[in-house]
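A.B. asks: whatever this is, show me its structure:
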Amino acid sequence: MLDLAKNANAGLAFLLELVVYVSVCGWGFTASPKLLLRLLFGLGGPILMIVLWALFGAPNGAPYPLHGVPRIGFEIVWYGLGTAALAAWWKAAPAAVFAFLVVLSGVLARVWGQEH
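C.D. replies: Numbering: from 1, shown residues only. Model prediction:
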């Protein structure tokens, strides 16, 4: 039963990562009335988030993986940007639910020895 819960948490962590990309993209394409800025933010924002995750946060294969306190700080900033983008793009209530799920998944991952 615990293995099922751990696998569900790993799946949730992956979905939360995807929500960050979608939120940053959605925010970017609505952030400005100017087309050039919308394109810059809407395409550049998610690309920047992907690069940061690939370098420091990817559980398998990050060339500069973070652990311990630096990892927690990275996740707070990374998911915090996703939460802020979701709130700015959509509404505060879905962003609050997202933030709750991020914290829940992160706490469970650390309790169960799964570092995302």
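
A.B. asks: for H67, give me phi and psi.
C.D. replies: Per-residue torsions, H67: phi -140, psi 160 (degrees, to the nearest 10).

A.B. asks: separation between G113 and N9?
C.D. replies: According to Cβ to Cβ, to the nearest Å, G113 and N9 sit 11 Å apart. C-beta here means a position set from N, CA and C on the backbone, and glycine is covered the same way.

A.B. asks: neighbour count for those two, which is higher?
C.D. replies: The residue with more neighbours, out of G113 and N9, is N9; 20 against 7, by other Cβ atoms under 10 Å.

A.B. asks: just give the closest residue to the more buried one, not the sequence neighbours.
C.D. replies: Closest residue to N9 apart from its sequence neighbours, by Cβ to Cβ, 6 or more residues apart in numbering: L108 at 5.0 Å.

A.B. asks: got it, and A58?
C.D. replies: Using Cβ to Cβ, 6+ apart, the closest residue to A58 is P65 (7.7 Å).
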